[in-house]
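Enquirer: all I have is the shape, not the residue letters:
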């Protein structure tokens, strides 16, 4: 048997158009095996469309893709046999119970899927309500049932589109714990979301997508840190301070704020050293510094910067 | 949710057969909006017909004959094969063809990697497993009442009973598959039922009476079904004369066209 690839999903130039509108635009995606991979983008960025293409729910307009080492859509059945997915809000037959809905889903899987029904219901905390009709379930319970359905296939790869929708804070925490257990078992998770906080807390790899294109991809720390750090300076006379720091070769950008300055530091410079140097300059110029706070750029800042939403440039 | 050390474990697997077909049956038989009208249109319709005719007979036996006998079994066949039974088959077929789409489950079934053709084809035996037993019960009721309430009227032979039973089941199965295909094609249960009932009742009745259409009327569904009935219809002039072979070819054409369209749409539809 051929050895497993380092990546569970590999796409090249994947494209999906609806008429003139390009929803997925030449996406080259590599999802490392055993990772929690965040697919992050604003609403309408093409996240769900990419997932739909990967799952064979709609045909790509161009490009190639491999899922779990198998070319899609050529070996779709075998590739998806070990994939569990929630795409948008999970759908159910509302007149059937939760258990019956899982039974319907298991019928489309391998025979062993039926034997996992009780176990997965227990995992998602629905064992007590399993025989109630889904029409009596809350949105959060339906979301849990959707996660249970994903687990029926004993998946190597889970693809979850906005999985925490409708979950209460307790449910979200339990979901995170469940995700951590999946990763510990060697499964791979793709989490598609517009919720930065969620991705930051769960994922170790992130791709940021905007207008159908992947605009950044890497580990969470690479993207969060990005290529720059920032220093927030609280001082008197911001205008004078601006002139004082001008000409420092380590700075990429300087911005005057109400209570001082905010500077972006070049990636090759040490944040701490630059902060000390700026402090010396400002004090030397007779400016009282009451705050000097080096900080790494957050994923949120990075996301907004990359997707050009920062400053209303959208 | 609770995190377990081993999230999914496989115990001794049973290997149930016809799993997709049984899942289709489960969806339909648990839907009150499907099985109640189906039962009413099959078993209920026969019960009402025989009860009404028998009440008329009891009320005025000189004017109204007994409810049983071969003649009234012919009426029951007409009811089951071409009116209420057809509508029941259309209801079940439309539900089977659209329920995964309307509930949003189709997308999840497709994402399992299971062949779309297999998902579609499983609906044929799955839905028939609900419809045909109901039609069989209705026919059995008709057969019993045909004998019990016969009075002095002649009753059918065993062979005729068997042929009539097969006719009822066959006509129901044909309309079911057509409705299933149309449902999968259109994607809307209400629209499918509306189109089929409109065609089966007023539109077809109008078309079969337009003489200028000539032999083209052989292609209509009901005359082809009617041709297979082992009992003469109440009005023999109403039947377009066609051979048995033509009838079977017409029915095969209807089934193949709608089944094919439904299958094609299921395979091509964005899920």
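Expert: Ah, there it is. Here the structure is a predicted model, which means the values were calculated and not measured.
Enquirer: from here on, just use CA atoms for contacts and neighbour counts.
Expert: OK.
Enquirer: domain ranges for chain A?
Expert: Following automatic domain parsing, one gets these domains for chain A: A:7-224, A:227-296.
Enquirer: looking at the longest one now, give me its mean pLDDT.
Expert: Right, the one you point to is domain A:7-224. Domain A:7-224 shows a mean pLDDT of 91.
Enquirer: mean neighbour count and distance to chain B added to the domains of chain A, as TSV?
Expert: Converted to TSV, the domains of chain A look like this (neighbours: other CA atoms under 10 Å in any protein chain shown; distance: least, CA to the nearest CA, whole Å):
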stretch	mean neighbour count	distance to chain B
domain A:7-224	20	4
domain A:227-296	17	33
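Enquirer: of all the ones you listed, which lies closest to residue B:270?
Expert: domain A:7-224 (5.0 Å; CA to CA).
Enquirer: so how far is that closest one off the chain centroid?
Expert: 11 Å (CA atoms, centre = their mean, to the nearest Å).
Enquirer: circling back: a markdown table for the domains of chain A, including distance to residue B:100?
Expert: What follows is the domains of chain A, written out as a markdown table (distance: least, CA to CA, whole Å):
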| stretch | distance to residue B:100 |
| --- | --- |
| domain A:7-224 | 8 |
| domain A:227-296 | 48 |
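Enquirer: so which of those comes closest to residue B:260?
Expert: Closest to residue B:260 of those, according to CA to CA: domain A:7-224, at 20.5 Å.
Enquirer: in what helix or strand does the closest residue to residue A:120 other than its chain neighbours lie?
Expert: Closest residue to residue A:120 apart from its sequence neighbours, by CA to CA, 6 or more residues apart in numbering or on different chains: residue A:148 at 5.2 Å. For residue A:148, the host element (DSSP states H and E) is helix A:139-151.
Enquirer: what helices and strands are in contact with that helix?
Expert: Where contact means 3 or more CA pairs under 8 Å, 6 or more residues apart in numbering or on different chains; DSSP states H and E, helix A:139-151 is packed against strand A:83-86, helix A:98-107, helix A:117-123.
Enquirer: who are the packing partners of the first one?
Expert: Judged by 3+ CA pairs under 8 Å, 6+ apart, the packing partners of strand A:83-86 are helix A:139-151, strand A:157-161.
Enquirer: and the residue nearest to residue A:120, how close does it get to residue A:176?
Expert: Going from residue A:148 to residue A:176 by CA to CA, to the nearest Å gives 15 Å.
Enquirer: ditto for residue A:60
Expert: Distance check for residue A:60 against residue A:176: by CA to CA, it reads 32 Å.
Enquirer: swap in residue A:81?
Expert: Counting by CA to CA, the gap from residue A:81 to residue A:176 is 24 Å.
Enquirer: what does stretch A:278-295 rub up against?
Expert: Residues outside stretch A:278-295 that contact it (CA atoms under 8 Å, 6 or more residues apart in numbering or on different chains) are A:229-237, A:240-241, A:244-245, A:271-272, A:275.
Enquirer: can you name the residues that contact residue A:47?
Expert: Residue A:47 makes contact with A:39, A:40, A:41, A:192, A:193, A:209, A:212 under the criterion CA under 8 Å, 6+ apart.
Enquirer: pick the one among those closest to residue A:18.
Expert: Checking those against residue A:18 by CA to CA gives residue A:212 as the nearest, at 12.1 Å.
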